[in-house]
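> please work out how this folds:
(4 chains)
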2 protein chains.
Amino acid sequence: MNFSRQRRKILETLQNNVVHPSAEYIHRVLKEEKSNISLATVYRNLNQMAETGEIKKINGLEDSSHYDHNTHLHYHFFCKKCRRIFDLPSEISPNLVRKAEMVSGFKIDTHEIVFHGECKDCREDKKEGELQDG
Amino acid sequence: MNFSRQRRKILETLQNNVVHPSAEYIHRVLKEEKSNISLATVYRNLNQMAETGEIKKINGLEDSSHYDHNTHLHYHFFCKKCRRIFDLPSEISPNLVRKAEMVSGFKIDTHEIVFHGECKDCREDKKEGELQDG
DNA sequence: TATAAAATAGTAATTATTATCATTTTTGAA
DNA sequence: TTCAAAAATGATAATAATTACTATTTTATA
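A predicted model of the protein is given here:
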């Protein structure tokens, strides 16, 4: 795998963003900063890097896949209101893989947990709203 | 929500299949048994029923969404080899939601866990293969 | 039974993603 | 440094999954 200017830019953009971006988002950001990189190149590189384990691909969130520069085991929360994605630590579910392998007899390579709900900020916004209304 | 022949058929097909089918699969099965129901109708009904909680939609497995007639909390395993989907009991991760809410301060409505790996059958097939070869 | 609400079929449209391929860039050896 | 092979890119076509649209049909019920 060669080290192209485009791949470096894409990885940089992923690392500088806390938002767990989609391919389309990264493409848009790069376009805004005048790095005209093709959308196909963004997809190609993100998926290659996910394949090698350099980054992680997050599925099951929205319609599209998102990507994460943090490759350590952790989980994700998707806020229905603001549509942001948050990290949750893997400690909330200790020994999950071991237990799953035990009860099933399957060999588990990867797993992911996705939570859906309302984040702290959005809950607090709602509370304020209720106070004002009531 | 009215009770159409088509919706009944779709739900029946889902319930009679252990395979966690996709919309396209259900459509194909119905076509084979001469129930000519439109693919759009299959999608519309599955998503409506998932919305009301009558069935469950499974994301993050393959390219497409799959559906589950079992609405009790449980998790899923996807075998990379045979591409089948298996159930795993929720007991492998006790108090998961409570812990996630605790560490985050978020309000969690739903969550799902998807494991990827190799199922028991496929592992055993491989073992046999190794024996024959060696 | 008449009627309003809901649902359907069939197809067009949309969205996300991958494939294709001619051109350009990168890399490593001579 | 130069050069050839391998890898990557950009632009666009193609595909796959899903949703939108709309004229018609079905369902529930007053």
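> where does chain A dip in pLDDT?
Along chain A, the parts satisfying pLDDT under 70 run over A:127, A:129-134.
> go with 90
Across chain A, the ranges flagged by pLDDT under 90 are A:1-2, A:17-19, A:35-36, A:62-63, A:124-134.
> which residue lies nearest the spatial centre of it?
Of all residues in chain A, the one closest to the mean position by C-alpha atoms, centre = their mean is A:His20, 3.8 Å from it.
> bridged to the nearest residue to it once chain neighbours are set aside, which residues?
Using C-beta to C-beta, 6 or more residues apart in numbering or on different chains and skipping residues adjacent in sequence, the residue nearest A:His20 is A:Ile85, 4.2 Å away. Yep, even glycine has a C-beta here, placed from its N, CA and C like the rest. In this entry, A:Ile85 is beta-bridged to A:Phe78, by DSSP bridges.
> so A:Ile85 makes contact with A:Val18?
No. Assessed by C-beta atoms under 8 Å, A:Ile85 is found out of contact with A:Val18, at 9.4 Å.
> looking at the two, which is more packed in?
Between A:Ile85 and A:Val18, A:Ile85 has the larger neighbour count (other C-beta atoms under 10 Å in any protein chain shown), namely 21 against 12.
> residue contacts, that one?
Contact analysis of A:Ile85 by C-beta atoms under 8 Å, 6 or more residues apart in numbering or on different chains lists A:Val19, A:His20, A:Ile58, A:Leu61, A:His66, A:His76, A:Phe77, A:Phe78, A:Cys79.
> wait, does the strand or helix carrying A:Glu24 make contact with DNA strand C?
A:Glu24 is part of helix A:23-32 when elements are defined by DSSP states H and E. Yes. On the criterion C-beta under 7 Å from any atom of the strand, helix A:23-32 is in touch with DNA strand C at A:Ala23, A:Glu24.
> same for that helix, what does it pack against?
Counting contacts by 3 or more C-beta pairs under 8 Å, 6 or more residues apart in numbering or on different chains; DSSP states H and E, helix A:23-32 packs against helix A:5-15, helix A:39-52.
> sorry, back to before: gap between the residue nearest to A:His20 and DNA strand D?
Distance from A:Ile85 to DNA strand D, counting by C-beta to the nearest atom of the strand, to the nearest Å: 19 Å.
> A:Val29 too?
A:Val29 sits 14 Å away from DNA strand D, taking C-beta to the nearest atom of the strand as the criterion.
> for that residue, the count of nearby residues, please.
19.
> hmm, A:Leu73 and A:Ser90 touching each other?
Yes. Taking contacts as C-beta under 8 Å, A:Ser90 lies within contact range of A:Leu73: 4.3 Å.
> follow-up on the earlier one: now do the contacts for the residue nearest to the centre of chain A.
Listed by C-beta under 8 Å, 6+ apart, the contact set of A:His20 reads A:Ile58, A:His66, A:Tyr67, A:Asp68, A:His76, A:Ile85.
> just the residues you listed: which are in strands?
Applying DSSP state E to the contacts of A:His20, the entries found in strands are A:Ile58, A:His66, A:Tyr67, A:Asp68, A:His76, A:Ile85.
> which residue comes closest to the closest residue to chain B within chain A once chain neighbours are left out?
Distance from chain B to each residue of chain A (C-beta to the nearest C-beta) is smallest for A:Gly60, at 2.4 Å. Excluding the flanking residues, the one nearest A:Gly60 by C-beta to C-beta, 6+ apart is B:Gly60, at 2.4 Å.
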